[in-house]
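Chemist: this one's sequence-less:
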């Protein structure tokens, strides 16, 4: 049975529940930027897109790719490669998080999870495209 | 796939991944602070690629072997890592991340430059060599904004404001670049301004960019 608008809304709710349980901070970030002007199917896809972007960026593969790109075109004074990307925290952030900086090379490996999430997103997209074709016929 | 099949598959993916890895990434890294930052560093690498390959510059990271982004923008602090841009052995410019420039309006009003409206942030900024504090708007060669998020009208209005605070709209003038990012720009001073975004929708905002000299570029991060 093709995905209805209600199905898409339910799937967004399921994603919210999972994020609330496993990654509440990422849920807050995505909710803040959610495109509520979209139709339920497009909203679901946009939600998954944002989720993928967040997880991609917070994965070791993303960190490695970034270092490779930087090292290909930027030299260092001592000839060693650029070894990390870090974020120096502001005074307030230092107080809140109890540290001076964040090392982005400590990101977890998420390849399998991201690939699976992307496959699910692509499946839903195909499903919704099919729905549109059926409607046109 | 049915709704149930999709829901089961998503749930299984979360359970498998988070069940085995234990702590969520947000317990290791504060997501609000880190969101968009790795994309910014990646785009710095893309900008470095163009400056090296298309413009023939040599880039050297100074003050350490790490790229240090900031959770909050501020003035240039010369003890932080930065990138020297060299041509024929001479340093002609520098690249800084998360720094603020003094606005055109602050320069016109003769203000102190200390009020909040007197300066604006750019994720990546290429400026005249040797700058300290907040460089004046006419010291900027190239400004880059990086958005690893959905691109919307609010972000367009923001970048139009930045363009206004960098330059007047003028007949096209030569930039400091031979061809990348562009050889001429309808702006005086002649800074270039780029927006990189992971969202393809960024390309829907090209029309005002063509008039005011802002280039919108879709760049995936994968």
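Modeler: Nice, I can see it. None of the values given here were measured: they were computed from a predicted structure. Numbering: from 1, shown residues only, chains lettered A, B, ... in the order given.

Chemist: elements contacting the host helix or strand of residue B:85?
Modeler: Counting by DSSP states H and E, the element that carries residue B:85 is strand B:82-87. Counting contacts by 3 or more Cβ pairs under 8 Å, 6 or more residues apart in numbering or on different chains; DSSP states H and E, strand B:82-87 is packed against strand B:58-62, strand B:90-102. For the C-beta atoms, the positions are set from N, CA and C on the backbone; glycine is no exception.

Chemist: where exactly do the strands run in chain B?
Modeler: Applying DSSP state E to chain B gives strands spanning B:58-62, B:66-70, B:82-87, B:90-102, B:119-128, B:140-147, B:168-174, B:184-188, B:192-197, B:215-218.

Chemist: Check chain A too.
Modeler: Under DSSP E, chain A gives strands at A:75-76, A:84-88, A:101-103.

Chemist: Dump those to a markdown table, plus mean pLDDT and mean neighbour count.
Modeler: Formatted as a markdown table, the strands of chain A follow (pLDDT from 0 to 100; neighbours: other Cβ atoms under 10 Å in any protein chain shown):
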| stretch | mean pLDDT | mean neighbour count |
| --- | --- | --- |
| strand A:75-76 | 97 | 17 |
| strand A:84-88 | 92 | 22 |
| strand A:101-103 | 87 | 18 |
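
Chemist: Now distance to chain B too, for those, in CSV please.
Modeler: Below are those laid out as CSV (distance: least, Cβ to the nearest Cβ, whole Å):
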stretch, distance to chain B
strand A:75-76, 5
strand A:84-88, 4
strand A:101-103, 5
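
Chemist: Among those strands, which comes closest to residue B:156?
Modeler: Between residue B:156 and the strands of chain A, the shortest gap by Cβ to Cβ is with strand A:84-88, which sits at 26.4 Å.

Chemist: Direction included, what does that closest one pair against?
Modeler: Applying DSSP bridges, strand A:84-88 is found paired with strand A:101-103 (antiparallel), strand B:66-70 (parallel).

Chemist: Looking at those strands, spot the one closest to residue B:94.
Modeler: strand B:66-70 (13.9 Å).

Chemist: any idea of the mean pLDDT in that closest one?
Modeler: Throughout strand B:66-70, pLDDT has a mean value of 95.

Chemist: And stretch B:74-82, by the same measure?
Modeler: On average, stretch B:74-82 scores 95.

Chemist: And the contacts of it?
Modeler: Defining contact as Cβ atoms under 8 Å, 6 or more residues apart in numbering or on different chains, one finds that stretch B:74-82 is touched by A:88, A:90, B:61-64, B:66-68, B:94-96, B:98-100, B:127, B:131-135.

Chemist: again with stretch A:58-72
Modeler: Outside stretch A:58-72, the residues that touch it by Cβ under 8 Å, 6+ apart are A:56, A:81-85, A:104-105, A:107-111, A:114, B:25, B:29, B:31, B:34, B:38, B:41-42, B:44-46, B:48-49, B:67, B:221.
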